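1. 3D model of this:
(chains A, B, C and D)
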2 protein chains.
Amino acid sequence: MLFDINADSHIPKYEQIVSQVIFGVAAGSAGPGEMLPGVREVALRHVINFNTVAKAYQELERQGVVIARQGRGMEVTAEAPAVCRTRRKEIVQNRIREALREAVYSALTAEEVRKLVEEELVRANGKRR
Amino acid sequence: MLFDINADSHIPKYEQIVSQVIFGVAAGSAGPGEMLPGVREVALRHVINFNTVAKAYQELERQGVVIARQGRGMEVTAEAPAVCRTRRKEIVQNRIREALREAVYSALTAEEVRKLVEEELVRANGKRR
DNA sequence: CATAGTATACTATGTGTCTGTTACACATGA
DNA sequence: TCATGTGTAACAGACACATAGTATACTATG
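-> Model (predicted):
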């Protein structure tokens, strides 16, 4: 489970972690019974504070994606895959909606917006592993 | 010149105002020599503080889009249209990039992303005046 | 039993955004 | 001249985010 934390984003880091765990579970990178990486490990790797990671994990527990196993770590729940597939669509939809909201307000035509989207899809797919 | 301030957005209000003025000028809603609505008027209409509007206007002056006319208001500069058309594309591109960045990370296929985009384009165009 | 690893809790600090308020200098029009 | 409009400035307070440090409780392992 790898993360891609963007410090320059308007989106809070803990929220980025939350979405990315959800995306990972939805995509099957982690399944029920598996443990998430420890808060300190994640914090160290991404040069952020472990409290920030802990906040993300708490939110994930609140959403029923993981359950805290005292002294062991965060375990992916049995319901997680279903929950995450639903949440994934909602999250992506909201992000796109917010971006396009301004794009359309900007008086760019739908065609110009599609062109920008295609450019970004190519760019993103190029970087994909 | 109307604004559409979203208090729930991750994007700061003053930054939303900045982009929307840029979009307005780029689209020709306001041209060189015209005055922007006063900080108090905008603040009153959108139920925000006028200091927030003032911060946005200062940023616009820094970017060369407007110039402060003491005691009169903010006047759109002669170079503004060119500046704003350039900035508009950068802004929209960045917003879409940030949204799609997560969308692709989420393991949705390009096809699924296009579908979400089209849904939002329809929704946005429906609301357009 | 001791040790290491885990999440959790709490306090404190700094930064950025937004608000509310007051005051000032300048321009305009009655 | 005077009232009203403009942007600008300064301040204090609230809130969210992120950081930092410390302490606690639990579990697994040897």
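2. Please make it C-alpha for all contacts and neighbour counts, starting now.
-> OK.
3. Run a quick neighbour tally on A:Lys89.
-> 18 (other CA atoms under 10 Å in any protein chain shown).
4. how much space between it and A:Ala99?
-> 16 Å (CA to CA, to the nearest Å).
5. For chain A, which residues are neighbours of chain B?
-> A:9-11, A:20, A:23-24, A:26-27, A:88, A:92-93, A:95-107, A:110, A:116-117, A:120-121, A:124-125 (CA under 8 Å from any CA of the partner chain).
6. quick one: contacts for A:Gln20?
-> A:Gln20 sits next to A:3, B:105-106 when contact means CA atoms under 8 Å, 6 or more residues apart in numbering or on different chains.
7. nope, A:Ala99 is what I meant
-> B:92, B:95-96, B:99.
8. Tell me the secondary structure at A:Ile67.
-> strand (DSSP: H, G, I helix; E, B strand; the rest coil).
9. for A:Ala54, same thing?
-> A:Ala54 - assigned by three-state DSSP - is helix.
10. was I right about it contacting A:Val39?
-> Yes. Here A:Ala54 reaches A:Val39: they are 6.0 Å apart, a contact under CA atoms under 8 Å.
11. Setting aside sequence neighbours, what's the nearest residue to the residue located most distally from the centre of chain A?
-> Distance from the C-alpha centroid of chain A, by CA atoms, centre = their mean, peaks at A:Ala107 (30.1 Å). Once flanking residues are discounted, A:Ala107 sits nearest to B:Ala27: 6.2 Å by CA to CA, 6 or more residues apart in numbering or on different chains.
12. how far off helix B:80-105 does the lengthiest helix in chain A point, in degrees?
-> Secondary structure of chain A per DSSP state H: the longest helix is helix A:80-105. Orientation check (axes from the mean of the first three to the mean of the last three CA atoms, to 10 degrees): helix A:80-105 against helix B:80-105 gives 170 degrees.
13. in helix A:80-105, what's buried?
-> Applying a neighbour-count criterion of 16 or more other CA atoms under 10 Å in any protein chain shown, one finds A:80-81, A:83-85, A:87-89, A:91-93, A:95-105 buried in helix A:80-105.
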